[in-house]
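*Asks:* everything below, folded, please.
(4 chains)
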Protein chains: 2
Amino acid sequence: MVGKSLNTRQKILHLGEQLLKGKGLNAFSYSDISSALGVKNAAIHYHFHGKQDLLLAIIEENITRFDEIIKKTGDKQVDVWDKLQAFLDIYISNIENNHQICLFGSLASDFLTIGAAEQVNLKSFAEKILEWLGGALAEGKALGKFKFEGDPRTRAVTVCATLAGGLQLARITGKQDFYELVEQVKADLNAK
Amino acid sequence: MVGKSLNTRQKILHLGEQLLKGKGLNAFSYSDISSALGVKNAAIHYHFHGKQDLLLAIIEENITRFDEIIKKTGDKQVDVWDKLQAFLDIYISNIENNHQICLFGSLASDFLTIGAAEQVNLKSFAEKILEWLGGALAEGKALGKFKFEGDPRTRAVTVCATLAGGLQLARITGKQDFYELVEQVKADLNAK
DNA sequence: TTGCTTACTTACTGATAAGTAAGTATATTT
DNA sequence: AAATATACTTACTTATCAGTAAGTAAGCAA
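*Replies:* Numbers count the residues shown, from 1 in each chain, chains lettered A, B, ... in the order given. From the prediction side, this is the model:
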């Protein structure tokens, strides 16, 4: 029985990410995945040795997707507002996908309990995001398109924190709050 | 063997809250509590019928503590900056207490899996916070002490989200980022 | 056609989870 | 002094978890 196996790994990875961002690392089990995919638990162990490995693969896929955004918007021709929007779209796609929260928001509560390799990966991913976003913010400010006070990295931290926390709060109070928050983040940065 | 029992309930409640904000709802067990307190699991069941009940009690204690802040700062004599600082201090005490994240941040990932009673409680708590903070922000703006654009409630959502997300991001990137974020929140609101 | 690899399943283990029923020691009430 | 309430413990159950060892069917490679 091959054929269906061609993309079982991808399906596990995708569903695992959905579950991670939907229920949290410790609230989903291998059975959630296997039953949904019509395979057995052992099939997951075949593709990912343990839950840690699955988590690591999920983190790495998120890094890959972010790298693609960096690449696509890396061109100096791309307007800083489009760069910002590409970043905001990550969060918007999360909330539109069954009220998911972002990877960092989901893993923050578990951060002190996950393996060292996952912590290091997550940390370097965070720094990559802050560097890229901080760079885009600084670029926008230099061009007179963004307005903000203080260090660009600190501003990037604030924007990331606001969006991550916004997804979470909106899970409790409703989507509307998140969309208003996004508009406010944009309005606050708007130089005119 | 009474005597030590006088405050076992309080100790369970307190430790449960620490664990909830430290490891997340699904990552801590009754054994974590019982072993730390030198009692048996059944003792926890005696004080709190199930984990849901413990969670509900933790949420209610957080509401009680917030109500005390409202009461203490309810006086019109209290400066709006002191009101804001009282709110910020909640988050600062969390990060200083073993890098804890806030109640909403911790429960956001589990929100879709907890009981209806806990969801309702958490939701009304969120609205209470937003109403109070939104009121304080509006008051400050009217007095010319705060400066911000847009609806006070939306601004309150943004401030809450920023602080909640900030605690989580700082767990990964370090405390310094959180303190700089707090200063930025204050600077952004400062009318002068 | 034999052997190897891929992609699983079957059947199991050991650990740990929440939860419960029944018993017990102490303190309080009557 | 007897009854009752409080605050547990002991001993257990049931469920579920991640993980593993061994087997298997299909495809490919020599």
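*Asks:* where is the longest helix in chain A?
*Replies:* In chain A, taking DSSP state H as the definition, the longest helix is helix A:116-142.
*Asks:* average pLDDT for that one?
*Replies:* Average pLDDT, helix A:116-142: 96.
*Asks:* ok, and does that helix reach over to chain B?
*Replies:* Yes - using Cβ under 8 Å from any Cβ of the partner chain, helix A:116-142 reaches chain B at A:Q119, A:L122, A:K123, A:A126, A:E127, A:L130. To be clear about C-beta, it is placed using only N, CA and C from the backbone, and glycine gets the same treatment.
*Asks:* what's that helix packed up against?
*Replies:* helix A:51-73, helix A:80-96, helix A:103-108, helix A:152-173, helix B:152-173 (3 or more Cβ pairs under 8 Å, 6 or more residues apart in numbering or on different chains; DSSP states H and E).
*Asks:* run the angle between the longest one and helix A:80-96 for me.
*Replies:* Read it as helix A:51-73. 150 degrees (axes from the mean of the first three to the mean of the last three Cα atoms, to 10 degrees).
*Asks:* wait, does helix A:51-73 contact chain B?
*Replies:* No - using Cβ under 8 Å from any Cβ, helix A:51-73 never reaches chain B; the gap is at least 11.7 Å.
*Asks:* in CSV, list the C-alpha atoms belonging to stretch A:145-158.
*Replies:* Only the C-alpha atoms of stretch A:145-158 are listed here, as CSV (Å, rounded to 0.1, in the frame of the first residue of the first chain):
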residue,chain,number,x,y,z
LYS,A,145,6.8,56.6,5.1
PHE,A,146,6.8,55.3,8.7
LYS,A,147,6.7,57.4,11.9
PHE,A,148,7.8,56.1,15.3
GLU,A,149,10.1,56.9,18.1
GLY,A,150,12.8,54.8,19.6
ASP,A,151,14.9,51.9,18.4
PRO,A,152,13.6,50.0,15.3
ARG,A,153,14.2,46.6,17.0
THR,A,154,12.3,47.6,20.1
ARG,A,155,9.5,48.8,17.8
ALA,A,156,9.6,45.5,16.0
VAL,A,157,9.3,43.7,19.4
THR,A,158,6.3,45.8,20.1
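*Asks:* average pLDDT for that stretch?
*Replies:* The model assigns stretch A:145-158 a mean pLDDT of 97.
*Asks:* identify the residues contacting that stretch?
*Replies:* A:79-81, A:129-131, A:133-135, A:137-138, A:140-141, A:188-191, B:162, B:166, B:169, B:173, B:177, B:180-181, B:184-185, B:187-188 (Cβ atoms under 8 Å, 6 or more residues apart in numbering or on different chains).
*Asks:* can you list the buried residues in that stretch?
*Replies:* Neighbour counts over stretch A:145-158 (16 or more other Cβ atoms under 10 Å in any protein chain shown) mark A:K145, A:F146, A:F148, A:P152, A:R153, A:T154, A:R155, A:A156, A:V157, A:T158 as buried.
*Asks:* who wins for proximity to B:H14 among the helices and strands packed on helix A:116-142?
*Replies:* helix B:152-173 (19.3 Å; Cβ to Cβ).
*Asks:* tell me the angle of the next helix-or-strand element following the closest one relative to helix B:116-142?
*Replies:* Proceeding N to C from helix B:152-173, the next assigned helix or strand is helix B:175-189, under DSSP states H and E. Orientation check (the same axes, to 10 degrees): helix B:175-189 against helix B:116-142 gives 50 degrees.
*Asks:* buried ones in stretch A:184-192, by neighbour count?
*Replies:* Buried residues in stretch A:184-192, counted by 16+ other Cβ under 10 Å: A:Q184, A:V185, A:D188, A:L189.
*Asks:* and those residues as JSON lines, adding distance to B:S34?
*Replies:* What follows is those, written out as JSON lines (distance: Cβ to Cβ, whole Å):
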{"residue": "A:Q184", "distance to B:S34": "45"}
{"residue": "A:V185", "distance to B:S34": "44"}
{"residue": "A:D188", "distance to B:S34": "48"}
{"residue": "A:L189", "distance to B:S34": "50"}
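*Asks:* of those residues, which is the nearest to A:V39?
*Replies:* A:V185 (41.5 Å).
*Asks:* mind listing what that closest one touches?
*Replies:* Neighbours of A:V185 in contact, by Cβ under 8 Å, 6+ apart: A:L88, A:V159, A:T162, A:L163, B:T158.
*Asks:* any idea of the pLDDT on it?
*Replies:* Note for A:V185: predicted pLDDT of 98.
*Asks:* and if you look at A:K192?
*Replies:* At A:K192, pLDDT is 75.
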